[in-house]
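Visitor: Okay, sequence plus prediction incoming.
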Amino acid sequence: MRAVIQKSVGGPEVLEVAEIERPELLSGEVLVRVHASSVNPVDVAVRAGAIPLLGEPPFGVGWDISGVVEAVAPGARYAVGEEVYGMPFFPRAATGYAEYVATPSRQVARKPKSLSHVEAAALPLAALTAWQGLVDRAGITAGDRVLIHRAAGGVGHLAVQIAKARGAHVIALASAAKHDFVRELGADEVIDYRTTDYAEVLRDLDVVLDSNADGERSLRVLKPGGVLVSIMEHFNPERAAQVEAAGRRFAGVSVEPDYAALEAIAELVDAGKIRPHVSRTLPLEEAATAHELVGSGQTVGKVVLAVN
């Protein structure tokens, strides 16, 4: 099968399409014929060696997939021909930019019926990060006032929609050029972080989703008992201690595969409450270009690789 691999860490140019062996199934696994795979900032960091999750190369990056079950092992949840999506094995290697991926069947869920494979591939890692932070850890409910950092990005644009679907009042941070986009997602208030210090104008929030390693200022806008959901600083014990000492709650989020959450997300998608935004679709051979786009930090929504 064709897959994108790298034999060294470095810039986007280290990514190459190669012929590798199709994975063999173990008990409880399914073989997915991948139709699309999306690119996340963590893919870029792993490729560059900034986050050494996968050890030394060679390896293949990528986790988000959407496709069709090609084969099943004994004990698997799905049948051949079913459409599924997910982010198998994270944070271990999945080699998601490939024609086929073998995955434990409980690490994928049935694809939202209303989405194409390209759109569905844009969801898993970003949507699960938002869901596990806002719903599982913070427990947001109707009426909560929630601040979303990087609201136009991969995680952020889905977090805005998930928070709105839960009945929250959403305050979004985004550059001025992206304000209309974020408002269309459902944000109740939008602040231009380039011209306004949000920590000077906001107070008494219930939840902050911090994807920007801005824990110091995020803490200042939380009310007593409020929750700081941290993506970038989830491993920072000093930040956690600071938040707890201030009478707030710290919730570090390191996303993990979760078919139950993927099923809940698919229900919201098919109910018209969540829609992933795909800003660019590229062929597998242009994985390096996709990494350049995501690595720029300027992408609105997601970049997706069309595989099959």
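Guide: Yep, it's here. Residues are numbered from 1 along each chain as shown.
Visitor: residue contacts, the closest residue in space to residue 221 that isn't next to it in sequence?
Guide: Among residues not flanking residue 221 along the chain, residue 202 sits closest, at 4.3 Å (Cβ to Cβ, 6 or more residues apart in numbering). All C-beta atoms are positioned from the backbone trio N, CA, C, and that covers glycine. Counting by Cβ atoms under 8 Å, 6 or more residues apart in numbering, residue 202 touches 147, 171, 191, 221.
Visitor: ok, how many other residues are close to the second one?
Guide: Neighbour count of residue 171, defined by other Cβ atoms under 10 Å: 23.
Visitor: Helix or strand: which one has it?
Guide: Assigned by DSSP states H and E, residue 171 belongs to strand 169-173.
Visitor: For that strand, list every residue counted as buried.
Guide: Of the residues in strand 169-173, 169, 170, 171, 172, 173 count as buried by neighbour count, 16 or more other Cβ atoms under 10 Å.
Visitor: what do you get for stretch 122-142?
Guide: Buried, per 16+ other Cβ under 10 Å, within stretch 122-142: 122-135, 137-138, 140.
Visitor: circling back: who wins for neighbours among the contacts of residue 202?
Guide: Within the contacts of residue 202, residue 147 tops the neighbour count with 27 neighbours, counted by other Cβ under 10 Å.
Visitor: quick one, phi psi at it?
Guide: Here is the backbone geometry of residue 147 (degrees, to the nearest 10): phi -100, psi 130.
Visitor: Give the bridge partners for it, please.
Guide: residue 171, residue 208 (DSSP bridges).
Visitor: Tell me, how many residues neighbour the nearest residue to residue 152 once chain neighbours are set aside?
Guide: The shortest distance from residue 152 to any non-neighbouring residue, by Cβ to Cβ, 6+ apart, is to residue 178 (4.0 Å). Neighbour count for residue 178, taken as other Cβ under 10 Å: 21.
Visitor: helix/strand/coil for residue 178?
Guide: Counting by DSSP: H, G, I helix; E, B strand; the rest coil, the backbone at residue 178 sits in helix.
Visitor: if I look at the residue nearest to residue 221, how far off is residue 161?
Guide: As judged by Cβ to Cβ, to the nearest Å, residue 202 and residue 161 stand 21 Å apart.
Visitor: tell me the contacts of residue 63?
Guide: Neighbours of residue 63 in contact, by Cβ under 8 Å, 6+ apart: 40, 42, 43, 87, 88, 89, 90, 94, 96, 124, 125.
Visitor: Kindly indicate which of those lies nearest residue 256.
Guide: The closest of the contacts of residue 63 to residue 256 turns out to be residue 90 (Cβ to Cβ; 6.6 Å).
Visitor: and the nearest residue to the closest one once chain neighbours are set aside, what element?
Guide: Leaving aside its sequence neighbours, residue 90 sits nearest to residue 63 (Cβ to Cβ, 6+ apart; 4.8 Å). Residue 63 is part of no helix or strand when elements are defined by DSSP H and E.
Visitor: Show me where the stretch 1-150 of the chain has its helices.
Guide: Using DSSP state H, counting those that start in this stretch, the helices of the stretch 1-150 of the chain run over 41-48, 117-121, 124-131.
Visitor: Out of those helices, which is closest to residue 57?
Guide: For the helices of the stretch 1-150 of the chain, distance to residue 57 was read as Cβ to Cβ. The smallest value, 9.3 Å, belongs to helix 41-48.
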